[in-house]
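Visitor: Have a look at this prediction, sequence included:
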Amino acid sequence: MIDQYGGWHADYPGQTPFQDPMYMRAMGQLQHQQTVQQQPQQPTQPRDIRTVEVVPADSEKQALEFPVGAGETKLIIHRGDNFVVVKTVSVTGEVTTAIFDRRPPAPPPETINPADYVRRDEVAALVAEIIRENSRRKTTAEKKEGE
């Protein structure tokens, strides 16, 4: 039998502690407590901190096709520092990508000047002028041939 202080006393003469079921139960609990306490305590990290691997890429297509495991995030940077892609795959397999373009902005397109183009109402006058010019050249050429 085990007393209130954890000491063992024989229930009958000649009994060993290993024959007492109460002693064996108490030893099993004590060993379990010791093994639980001896397990190394792992440092706990807050759940919002995430380790992200940085990967180089040669093109935007290569960055978008880069494989990412479930529950992971990869930071993919172009070798020429033209863009950065953050690719995340959730535990359920949902893929999200964010592309950050680091290239300088493209020059604005040239503006259209309407004075450089012919309007519809001017076409008839231009055609008539070209016909007159051609007929003048023709008559001038005929006069030179006749001389």
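Guide: Ah, there it is.

Visitor: domains of this structure?
Guide: 1-35, 53-101 (automatic domain parsing).

Visitor: for these, which one ends up most surrounded?
Guide: Ranked by mean neighbour count under mean count of other Cβ atoms under 10 Å, these are led by domain 53-101, which reaches a mean of 13. C-beta here means a position set from N, CA and C on the backbone, and glycine is covered the same way.

Visitor: In this protein, where is pLDDT below threshold?
Guide: Low-confidence segments of the chain (pLDDT under 70): 1, 4-6, 8, 18, 30-50, 146-147.

Visitor: Quick test: name the residue nearest the centre of it.
Guide: Nearest to the mean C-alpha position of the chain, by Cα atoms, centre = their mean, lies Lys87 at 1.3 Å.

Visitor: any chance you could read off phi and psi for it?
Guide: In terms of degrees, to the nearest 10, the main-chain angles of Lys87 are phi -110, psi 120.

Visitor: residues contacting it?
Guide: Shown here is Lys87, whose contacts under the criterion Cβ atoms under 8 Å, 6 or more residues apart in numbering are Ala63, Leu64, Phe66, Val68, Thr73, Lys74, Ile76, Val95, Thr96, Thr97.

Visitor: Send me stretch 98-114 as CSV with only the CA atoms.
Guide: What follows is stretch 98-114, C-alpha atoms only, in CSV (Å, rounded to 0.1, in the frame of the first residue of the first chain):
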residue,chain,number,x,y,z
ALA,A,98,0.7,39.5,-56.7
ILE,A,99,3.0,41.1,-59.3
PHE,A,100,4.9,44.3,-58.5
ASP,A,101,6.4,45.9,-61.6
ARG,A,102,9.7,47.7,-60.9
ARG,A,103,10.3,48.8,-64.5
PRO,A,104,10.1,52.5,-65.3
PRO,A,105,6.8,53.6,-66.7
ALA,A,106,6.4,53.4,-70.5
PRO,A,107,6.5,56.8,-72.3
PRO,A,108,3.0,58.2,-73.0
PRO,A,109,1.7,57.5,-76.5
GLU,A,110,2.0,60.3,-79.1
THR,A,111,-1.0,62.6,-79.3
ILE,A,112,-2.9,62.7,-82.6
ASN,A,113,-2.8,66.1,-84.4
PRO,A,114,-6.0,66.4,-86.5
